[in-house]
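Asks: model the following, please.
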Amino acid sequence: MNKNLSLLRRSVAPTIASVVVIAALSVFARGQSSTVEGHWEGTVQTPGTALVFSVDFSAKTGGGISGAISIPAQNAAGLPLEKLAVKDADISFVIAGVPGEPTFSGKLDPGGARISGQLNQGGQSFPFTLERKQDPVAQSKEALAGFDQVATDAMKKFDVPGMAIAIVKGKQIVYSRGFGYRDVEKQLPATPDTLFAIGSSTKAFTTFVLGTLVDEGKIEWEKPVRNYIPWFKLYDASASEHITPRDLVTHRSGLPRHDLVWYNNYDATRKWLVERLAYLEPTADLRTQFQYNNLMFLTAGYLSEVVTGKTWEQNVRDRILDPLGMQRTTFSVLEMQKDSDFSQPYQKKDDRVVKMPFRQITNIGPAGAINSSVNEMSRWVVVHLNGGKYEGKELAKASTVDDMHTSHMTTGETNEHSEISPADYGMGWFVQAYRGHQWVQHGGNIDGFSAMVALFPQDGVGIVVLTNLNATPLGSLLVQTAMDRLLGLKPIDWIGVAAAKRAKGEEATKEGAKKKEVTRMQGTHPAHNLEDYAGDYENLGYGVLKVSAHEGHLEAVFNGINTPLEHWHYETFSGLKTDDASFEDMKYTFQTDSRGYVSALSAPFEPAVKDIVFVKKPDARLFDAEYLKRFAGSYELPGQAIAIGLKGNALTAIVPGSPALDLVPVLGGDFAIKQAQIVTIHFVTDSAGNVTAFELRQPGVVLTAKRKQ
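Replies: Model (predicted):
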């Protein structure tokens, strides 16, 4: 039996559980096809519910009639019909392959606008009606008349330089337009074929790839990730054992974002980033709290690489892009710029819209690196509106696609507008209701670009809005405005209300920035010379942060982003304004160890946890065998000989009659005895740089061992 039949049976009253109108409806008819050609919408009245469906009839070449049925409540669209017939005013429908042989018997009214009759099955009878309606595609186009001006006016309100919009009804694009400029400086217009970065709208592609692997039996949503990546580890041991692929793509891992681990980190491999998860502090137990996390989606993409032996990019290309003909869609902004029609990125800065640098994010690709056009993205939308199928080819099972659109984790949001329900999270999609209609959506924001991909599965509508302005909400606002038209709802001025709210927010932010000095303790000074703060500081989760001293100020470099620092108060320094504002106003606080050395710094790289601590690394020369040779030799304490030896790239100290002691590099160019780390060795040199002795420093006493000649 067709798998769709069982879905429909669940939507009908229990007394007729086997009656299904979401099935492949067989309408037996002959002749007079012109009387029924077109689009029809109707219901079957069952106890306590009305099952809505629609049928589209069209004439066959050479005679006869064909058709298709859609059942919005079951996300079934365009299922083919068989054996259509009309005899005079009498019409009958039989649902093939369903137990009890459900039969629809009805009459076409004299005006040709309504079919009414009875559904009979297993001795029970239920009334049904079908009414002739305007073609949905034509109706949608009519509803969108004048929308160009709405979009143009909205762009001005939100200072968006360039934008493109595509709207799909069923399987057809009913609206596709470009607005403004993809390149303001060169006055190049944006078109429906212009490539934009789609940011986190990429996440749905990653879950779709995993979904196809589930369909193929290569992974299971509910099996632990360790079944596929044995070495996988999180900070929390229990979460490490139990986290599943479904957890990875529903933002319920227990980890906050920790985005600075990957942001601008061009040296990091995906495997290295997944390995960092073992050192990143969670803020909740597994599956207890929604916390948006790009690193989990990176892990989901890496999982697909491990399972298939192919890169995430190749999996997306093979399983989605190639079958859909999305040939210009790319995975890198560098690759995107080789296209003849791509957009520049822009941001609003000091009340002006200015170009900003492209940000390459291929390392975190599965969470947000795809670039595409609204024309190509419309094909992606069609797949989701049609149960995983495109032009008759199944890319994923309908049940798998439906699973992605189903709520799996509450976000904890509260209502801002009564017309829009708080969002839950599916898999790669947010799931909510817009004015009573199912709304599945995901935005995307990456440097200089903002995107919105929205699905209304039960209404057969999908909308893609791509813009070239950093962090603009315009995409969602245009979706809501368009849907008011397409659903025939009383319009709400979403754009005007949001623009007024935005203006107030920007003004409040400007005023607030003037008061930032109130958090500063005046009249304080650093405890050390600036040169003493310089060095490499390391955190096992985040990597290395470099601090250097330049012409009376400090400079921090993390993941290739240079940020000048000014003294803020005491041992805290603050990030200054630069072209890259990632660390502007970031507070770096230095710590001093008991020996008087600057030994660590902490900074709020992840606001949801306590400050991330970076520990200062000893001088790199202390790990270089060539440099360490100068210290090897025989030394003598009063009455005690000590030999300093070199083993690989590390020093040892040998006292006759005792096991060898390992010397570990520490700050200040010294070495600690690993077996007793409160004891350090400080080598003494003469004016020519020759090592003449070492001091054995321990609490309460310092002994000198002279080097033997």
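Asks: contacts only, for the closest residue to A433 other than its chain neighbours.
Replies: Excluding the flanking residues, the one nearest A433 by CB to CB, 6 or more residues apart in numbering is S421, at 4.2 Å. Where you see a C-beta, it was placed from the backbone N, CA and C, and this is true even at glycine. Shown here is S421, whose contacts under the criterion CB atoms under 8 Å, 6 or more residues apart in numbering are N415, Q432, A433, Y434.
Asks: any idea how far S421 lies from R276?
Replies: When distances are taken as CB to CB, to the nearest Å, S421 and R276 turn out to be 36 Å apart.
Asks: now the stretch 51-200 of the chain, which segments are flagged as low pLDDT?
Replies: Across the stretch 51-200 of the chain, residues meeting the criterion (pLDDT under 70) sit at 74-76, 82-83, 93-101.
Asks: ugh, typo on my part, it should be the chain
Replies: The model of the chain has pLDDT under 70 over residues 1-34, 74-76, 82-83, 93-101, 709.
Asks: farthest residue from the center of it?
Replies: What lies farthest from the middle of the chain is G639; by CA atoms, centre = their mean that is 67.4 Å.
Asks: which of the contacts of S421 are buried, as a PyMOL select command?
Replies: Isolation of the buried members of these (16 or more other CB atoms under 10 Å) is achieved in PyMOL through the command below:
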select buried, resi 432+434
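Asks: mind checking which of the contacts of S421 are in strands?
Replies: Secondary structure of the contacts of S421 is defined by DSSP state E; positions in strands are Q432, A433, Y434.
Asks: which residues touch the last one?
Replies: Spelled out, it's Y434. With contacts defined as CB under 8 Å, 6+ apart, the neighbours of Y434 are E419, I420, S421, F456, Q480, M483.
Asks: and with 7 Å instead?
Replies: Under the criterion of CB atoms under 7 Å, 6 or more residues apart in numbering, the contact partners of Y434 comprise E419, I420, Q480, M483.
Asks: against V440, how distant is the second one?
Replies: Separation of I420 from V440 (CB to CB) stands at 13 Å.
Asks: over to the third one?
Replies: Distance of Q480 to V440, computed by CB to CB: 14 Å.
Asks: next, R132: secondary structure please.
Replies: In three-state terms, and counting by DSSP: H, G, I helix; E, B strand; the rest coil, R132 is strand.
Asks: which stretches of the stretch 301-450 of the chain form helices?
Replies: 312-316, 322-324, 333-336, 365-368, 374-385, 398-404 (DSSP state H, counting those that start in this stretch).
Asks: winner for burial among those?
Replies: helix 365-368 (a mean of 26; mean count of other CB atoms under 10 Å).
Asks: so which of the contacts of Y434 is the closest to D532?
Replies: I420 (54.5 Å; CB to CB).
Asks: what is the neighbour count of that closest one?
Replies: The local packing count at I420 equals 17, with neighbours defined by other CB atoms under 10 Å.
Asks: tell me the contacts of it?
Replies: Q432, Y434.
Asks: hey, what's it bridged with?
Replies: Beta-bridge pairing for I420 (DSSP bridges): Y434.
Asks: for the one 5 residues further on, same thing?
Replies: Using DSSP bridges, the bridge partners assigned to Y425 are M409, F430.
Asks: against H442, how distant is it?
Replies: According to CB to CB, Y425 stands 9 Å off from H442.
Asks: again, but for D259
Replies: Applying CB to CB to D259 and H442 gives a distance of 17 Å.
Asks: ok, now V679?
Replies: Per CB to CB, V679 is found 58 Å from H442.
Asks: who's more crowded, these two?
Replies: Counted by other CB under 10 Å, V679 and H442 do not tie: H442 has more neighbours, with 22 against 16.
Asks: my guess is that one meets S201, correct?
Replies: Yes. Under the criterion of CB atoms under 7 Å, H442 is in contact with S201, at a separation of 5.1 Å.
Asks: identify the contacts common to these two.
Replies: By CB under 7 Å, 6+ apart, the residues touching both H442 and S201 are V453.
Asks: quick check: closest non-adjacent residue to L303.
Replies: Y228 (5.9 Å).
Asks: I figured the one you found hits V306, correct?
Replies: Yes. Applying CB under 7 Å, one finds Y228 in contact with V306, separated by 5.8 Å.
Asks: neighbour count: these two, which is higher?
Replies: Taking neighbours as other CB under 10 Å, Y228 and V306 compare with Y228 leading, 18 against 15.
Asks: ok now do the more buried one, which residues does it touch?
Replies: Taking CB under 7 Å, 6+ apart as the definition of contact, the neighbours of Y228 are I219, L303, V306, V307.
Asks: and the protein, what are its domains?
Replies: Here the domain assignment for the chain is 3-133, 147-198+333-494, 204-311, 530-617, 622-707, based on automatic domain parsing.
Asks: and S450, how far is that from D159?
Replies: In terms of CB to CB, S450 sits 12 Å off from D159.
Asks: so which of those two has more stuff around it?
Replies: Under the criterion of other CB under 10 Å, the comparison of S450 against D159 puts S450 first, with 28 against 16.
Asks: returning to what we had before: need the ones in strands among the contacts of S421 in CSV with distance to H525, can you?
Replies: Rendered in CSV, the data for the ones in strands among the contacts of S421 read as follows (distance: CB to CB, whole Å):
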residue, distance to H525
Q432, 53
A433, 58
Y434, 57
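Asks: out of those residues, flag the one nearest to L234.
Replies: Using CB to CB, those come closest to L234 at Q432, 29.1 Å.
Asks: hmm, G426 and that closest one touching each other?
Replies: No. With the criterion set as CB under 7 Å, Q432 and G426 do not qualify as a contacting pair; they are 10.1 Å apart.
Asks: what sits closest to E571 if chain neighbours are left out?
Replies: Taking CB to CB, 6+ apart as the measure, E571 lies nearest to F590, with 4.6 Å between them; neighbours along the chain are not counted.
Asks: got the CA positions of the helix or strand where the one you found lies in CSV?
Replies: Element membership for F590 (DSSP states H and E) is strand 587-592. Backbone C-alpha positions of strand 587-592 (Å, rounded to 0.1, in the frame of the first residue of the first chain) are rendered in CSV as follows:
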residue,chain,number,x,y,z
LYS,A,587,38.0,43.2,28.2
TYR,A,588,41.3,41.3,28.7
THR,A,589,42.3,40.8,32.4
PHE,A,590,45.8,39.7,33.1
GLN,A,591,46.9,37.6,36.1
THR,A,592,50.3,37.5,38.0
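Asks: helices and strands around that strand, which ones?
Replies: For strand 587-592, the helices and strands in contact under the criterion 3 or more CB pairs under 7 Å, 6 or more residues apart in numbering; DSSP states H and E are strand 572-575, strand 598-603.
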